[in-house]
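> Just a sequence and a predicted model for now, questions to come.
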Amino acid sequence: MRLMTGRGSALASAIVGISLLATTVAMAQTYSEAPALADAVKAGSLPPVEQRISDNPLVLTPVESVGTYGGTIRDITKANLDWSKIILQVEPFARWERDLNGVRPNVAESWEWNDAYTELTLNFRKGIKWSDGVPLTADDFMFFWNDVVLDDSVPVSFPAGTVINGEPPKVEKIDEDTIKFTFAGPNPLFMELSSRAYYNSAQWLIPSHYMKQFLPKYNPDMKDTSEFDKRYTMDTRIQYTDMPTLAGWMVTSYTPGQRLTAERNPYYWKVDTEGHQLPYIDGFDTTVVTDDAVSQAVLLNSIAGKLDFQSREFNLADVSLLMENQEKGNYTVKLWDRGDFAWPWMMPMYDYKDEGIRDLFYTPEFRRALSVAMDRDKYNNVAAFGLAKPRQFALSPLSPELQTEEGKAFYDKWVNSYIEYDPEQAKAWLDQIGVVDKDGDGWRDRPDGSRLQMIVDMMPGDKQTADIMDLMKEDWDAVGIETLLNQADWGTLSDRQKAGEVMMRAWGSAAGWGLLSAPTVWAPVENAEWTMGGMSIALNYQSGGKEGEPARPGSALEKLQQAYSKAVQALDPNDRNAALLEAYQIHLDEGPLTIGTVGEDPTPVVVSNRLRNVPSVGLIGSWDMGFPATADPEQFYFAE
Amino acid sequence: MTELAAAGALAPATADADAGTAKVLSVRQLAWRKFRKNRLAVFGLVVLALMYLSAAFAGFLAPYGDRETHAQFARVGPHGLNLVDADGQFHLTPFVYGLERTMDRKTFKQVLTVDTEKRYELRWLVKGAPYTLLGFIKSDVHLFGVEGDGKLFLLGTDSKGRDLFSRILYGAQVSLTVGLVGVALSLFIGISVGLITGYYGGWFDEIVQRIIEMTLAFPQIPLWLALAALVPPTWNSIQIYFAISLVLSILSWGALARQVRAMVLSLKTSDFVRAAKYANASTGRIMFKHLLPGTMSHVLVVATLTIPAMILGETALSFLGLGIKPPMTSWGLLLNEAQSVQVILELPWLLFPAVFVVLTIISFNFVGDGLRDAADPFSR
Amino acid sequence: MLAYIGKRLVIMLPTLLLIMAVGFFIMQLPAQDYVSQYVARQGQMGNTTAMLQEELLRQQLGLDKPPVERFFYWFFDFLRGDWGTSFVDSRPVTTIILERLPATLAISSLAFLVSWGVGIPLGVYSATHQYKTGDVALTTLAFIGIGLPDFLVAMFFLVAAFLASGQVLLGLNSPEFVNAPWTLARILDFFSYAWLSVTAVAFTGMALIMRVTRNNMLEELGKPYVLTLRAKGLPERVVIWKHVFRNALHPLVTMFGQVLAFLINGFAITSAVLNLPTIQSVYLSATFQQDIFLAGAILILIAVTVMVGNLISDVMLAWLDPRVRYD
């Protein structure tokens, strides 16, 4: 259900608005609530449900059926609590649709853009309250903007997606429930960007009535902002059980390294299609486990039937054991997608300090040879149990621009380009560009006769990447390219990459598409470690040509940067999709510019047979997409 | 009594059966005789000799190369030789059956079928993956193998489809050698320091003890992490490990020095040492000819127990991501790959390297025991 | 003797200072500090704004100052009892350590008692029945215990216990008993989990003790005084336990000093693998994440326990063996 998100077509807005009102009135809603809450209302300790769920509660359509109240979900998280956060803290302005085809209103009940996409008026849900009953108003956000973001003494900088062309936006309060952003330039994707998981708009929503006491500005007893920071940062916010939240469940206890419990939020502002206040499930009982013990913990507890819903921390290797024991543990294994586009993908760095290597990278035949020299079926069988798909570097097929007819056809070509295992062709191409063995040592050399070595860096701890890299090294060695593999930790790698000392990098991708999830994976535009092409080249674009070094004129990289600019400036979604497809075409024509191996690994999700309304489709790999929160766990329920 | 032996008393004469003259055996020869009589010690020595020889000739003895993968046969259990075929017929030449692999899309289990129609015979001196022996002999002849498409996985394959039996042989090369240098160095420093400080005492002893305390108090893990950060990434795996194990063992001499010192302290005041002093024996002579043998037995036990500690240390390093990295392999790395519930339940053959590790340790200990008994001519 | 002990305690202080300094600087060696790692992790998840705050975060955590200055701040704070805050969950280091101390001591002491309490008698038995079936069996078991990495043994036990009882024995209590008062029910629950960890840890230790005891006993048994004692007609039991055993203890006593350090520094990886809420497991994660105050504080504790342990060893050695004199 999408409320008006298009441009200010006032008539459309009016019609929808009136019909909404009518529906609301016509339904003459009787809402119901969980028995425990009903008791509290009778006892007088809670206001009646109609006064708690906001004036316009969000209606969630159950995946299978309307549910019943009760039950506690048992699950397991690592010490960093990431799993719990991605269930309990994803309440942004808008949430992703369950099929990722756009965003739907969440804390914001509606929003309007002006034609130029520079002004955004955001309407918070009227009457929405924090978990302690205090209303959420525009003042909360203004507090965030004025006293936190704009205040230099608080270490919070301008939120991602708000700064355009180096300029921050203006934020004003229009009325109790409405704020207005005025951006320095067109920012059509702001709603999508701010919906990403728990560290975008979900993080910006803070209860001012609670947080004020931790700022020196309001509380002279505070010497610095450290108490505030701990509660603001999503890393540690979840630990503060006294901090009001907007989520379906509130964390009621946290014992570090041991256990976390959560209970339903009586002021939760979502209902099902029959007016039952959500969530159905009473709470969570989460066991916290060290990183080294988590694999054993999730596997053994699943088999023992002690987990009700778990989608992270499983290894692909465990799938067969999990499948075998479904009956014994009374659960079902659903296979969600990891959502990645390649695990690993090989990123040649076009800004590597050695000009000779750069020359080779800029030569399409060289990259194509490397690509077809790879036996991807073997990688799939060995590293991914045959469950992944051999594929070229191509973005996720779930990207909106690849879901159109044109997009699908294009995607098909893209993902299958240069992935056939053809070492003879590889050798032929290498011969063609002059990469032959000149000194008779068995290894091919550069066209100028000097030694050629491919040095691939990767991070430790990623088994699939490591396994595939070993196999890939064999394949490249077999066509005469001497390959060296090297492991280094993130920090070291990052430094070396910035200095142009990394020739090629391999790592598992997360879901990526279009302009939202790390656009820099398909165009060198953002100075991040996961950028394609090379950090200096990306920095050059990002700084407007002032820093870093430019891509070679006329090269595919330069074209991609231009295509990206065009896509980013497109205001109409259709124009945007067209621009994106144009950009991707460059990859198809001149690529592979970065090389994919296998991807789209499925991820096992253990779901207790008593748990209902869990969708069969979901994405795990990318944090951005906010799963499993995006699957609306508030409408899961236990069938007894 | 060790004191008498240490005092260098003449060994008892033994009568030679042939000549009528009495043959005098030195302490060393006597010790060897004693050792030989100890069956367990000899067993240990033989096993170690076999292991080291196998490691040296790993390439030749292993049916497959050290990088050879059989991707479609990853995670296969032991698939070995048979003498009697499905029809009950006996064959003089052992053979393996054919192997097929398909994936059951419902259970996501890979189904292995043994095809008893196909038989591949065992062959000797087969051509296989090339390898280098002892660093300079290149060859591609393997002692045994099966012909054609046949697969001989005596101990099964691992998650990447590499033959475990071959990998164990290659792993031996690393595991059996890398610790030795470190241990030797450790012993040398430890014993020398222990003897000197125990004998002389005084402020020198005090200082050394404090230094030892500092090195012992040093937490290993940050040290290992720091060392890992300092090692140039251009070094290959084995150089890195040598470097790390060397430094670690240089730090571990402290424990040994303390124990040697303790024994020296108690032996220092004993009669035979005083006797040696009165006989104007030089300090060096006292230390090496008198005190050292007294500590020898304990030192030997510690030495034979340190080598397994080195092998295990390497496993811990691999676990933390600091040790040997693929494609190089060691027993520690092999065991590490086996460290998961899924492996224990579904691929238990991957735990086989543990048997070799334990066997090596048993052998080192038997040899150590034997040496200790032998060095002490008066023990039972 | 007292003067000696006093002297040793005094000397401990400069040693400790040296260890603190060297330890602190070694922890600075990896190029990545906590903030870089944190920013990197956030970046991997897609949270790129963290990168913009990197410098500010560093400032907040005090990591922007030069190492020498930070060391002195830390050193003096430490002496005053302020051990700093953990970067990871922003709690005081002292809280974290104290919170984990009971579990740590419980498992380590139980493991120590079991491994020494069972290992020593078995070692004596092994020595007195050398090469008989019992000895061979025990020796083999001991080798397996020494030969296998302790975390592999822990994994075995975990899986075996799971297959036998369906219980997942990770950690030290069932979820419902977290923070519950120590009722009888909780105590029983604790033991139902703890037996796994204790056995896994003690298995290796016991093997070692057994071997060392056996070797020491055999050495003593070879000495002439044993013959004399037997010739005197003393019962074998008295010979063994009253005389031989006493003398065989000496090398064990020197090992005793290591036990103190073992209490908080042993079985670190096993702790992590079995999810035990011990100081060791948090030490591992603190070190890898460059959580320097937490890691540093535990480092000091380990150092102190090692030094005190050594002192105890030396004193006990002098007490037991009249030949040993400290000049």
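Structure received.
> how close does the residue in the stretch 201-350 of chain A positioned nearest to chain B get to residue B:104?
For the stretch 201-350 of chain A and chain B, the shortest gap (C-beta to the nearest C-beta) falls at residue A:320, measuring 4.5 Å. Bear in mind the C-beta positions are built from the backbone N, C-alpha and C, glycine included. Residue A:320 sits 9 Å away from residue B:104, going by C-beta to C-beta, to the nearest Å.
> give me the element the residue of the stretch 201-350 of chain A closest to chain B is part of.
Under the criterion DSSP states H and E, the helix or strand holding residue A:320 is helix A:319-324.
> Relative to the whole chain's centre, how far out is that helix?
27 Å (C-alpha atoms, centre = their mean, to the nearest Å).
> Now do it: which elements does it pack against?
Contacts defined by 3 or more C-beta pairs under 8 Å, 6 or more residues apart in numbering or on different chains; DSSP states H and E place helix A:319-324 against helix A:294-303, strand A:331-337, strand A:602-608, strand B:109-133, helix B:341-346.
> Single out the most deeply packed of these.
Ranked by mean neighbour count under mean count of other C-beta atoms under 10 Å in any protein chain shown, the helices and strands packed on helix A:319-324 are led by helix A:294-303, which reaches a mean of 25.
> What pairs with the helix or strand just after that helix, parallel or antiparallel?
Once helix A:294-303 ends, the next helix or strand along the chain (criterion: DSSP H and E) is strand A:309-310. If you go by DSSP bridges, strand A:309-310 pairs up with strand A:602-608 (antiparallel).
> how much does the strand it pairs with deviate in direction from strand A:331-337?
Calculated by axes from the mean of the first three to the mean of the last three C-alpha atoms, to 10 degrees, strand A:602-608 forms an angle of 150 degrees with strand A:331-337.
> How about the stretch 51-200 of chain B: which residue is closest to chain A?
For the stretch 51-200 of chain B, C-beta to the nearest C-beta, closest residue to chain A: residue B:71, 4.0 Å.
> distance of that residue from residue A:478?
Taken as C-beta to C-beta, the span from residue B:71 to residue A:478 is 14 Å.
> For the stretch 101-250 of chain C, which residues are neighbours of chain B?
Near chain B, the residues belonging to the stretch 101-250 of chain C are C:130-131, C:140, C:143-144, C:146-149, C:151-152, C:155-156, C:158-159, C:208, C:211-212, C:215, C:218-219, C:221-224, C:250 when assessed by C-beta under 8 Å from any C-beta of the partner chain.
> out of the residues you listed, who's near chain A?
With C-beta under 8 Å from any C-beta as the criterion, these include C:155, C:158, C:159 near chain A.
> of those residues, buried ones?
With neighbours counted by 16 or more other C-beta atoms under 10 Å in any protein chain shown, these contain buried members at C:155, C:158, C:159.
> Could you export those as TSV, including distance to residue C:229, pLDDT and secondary structure?
Shown next, in TSV, are those (distance: C-beta to C-beta, whole Å; pLDDT from 0 to 100; DSSP: H, G, I helix; E, B strand; the rest coil):
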residue	distance to residue C:229	pLDDT	secondary structure
C:155	47	88	helix
C:158	47	90	helix
C:159	49	90	helix
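> which of the residues you listed lies closest to chain A?
Nearest to chain A among those is residue C:158, at 6.4 Å by C-beta to the nearest C-beta.
> Wait, that closest one touches residue B:341, no?
Yes - here residue C:158 reaches residue B:341: they are 7.4 Å apart, a contact under C-beta atoms under 8 Å.
> show me what contacts the residue of the stretch 251-400 of chain A found nearest chain B?
Across the stretch 251-400 of chain A, no residue is closer to chain B than residue A:378, which sits at 4.0 Å (C-beta to the nearest C-beta). Going by C-beta atoms under 8 Å, 6 or more residues apart in numbering or on different chains, residue A:378 touches A:471, B:69, B:71, B:72.
> Give the rounded mean pLDDT of stretch A:374-391.
For stretch A:374-391, mean pLDDT is 86.
> Mind checking which of residue A:320 and residue B:104 has more residues around it?
For residue A:320 and residue B:104, the more surrounded residue by other C-beta atoms under 10 Å in any protein chain shown is residue A:320, and the numbers stand at 19 against 11.
> Look up how far chain C lies from that one.
Distance of residue A:320 to chain C, given as C-beta to the nearest C-beta, to the nearest Å: 16 Å.
> Buried residues of stretch A:51-70, list them for me.
By 16+ other C-beta under 10 Å, the buried positions in stretch A:51-70 come out as A:52, A:53, A:54, A:56, A:57, A:58, A:60, A:62, A:63, A:66, A:67, A:69.
> Revised request: answer the last question for stretch A:592-605.
Buried residues in stretch A:592-605 (16+ other C-beta under 10 Å): A:592-605.
> Let me have those in CSV, adding pLDDT as columns.
Formatted as CSV, the buried residues of stretch A:592-605 follow (pLDDT from 0 to 100):
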residue, pLDDT
A:592, 91
A:593, 90
A:594, 89
A:595, 90
A:596, 89
A:597, 91
A:598, 89
A:599, 85
A:600, 81
A:601, 80
A:602, 82
A:603, 83
A:604, 88
A:605, 91
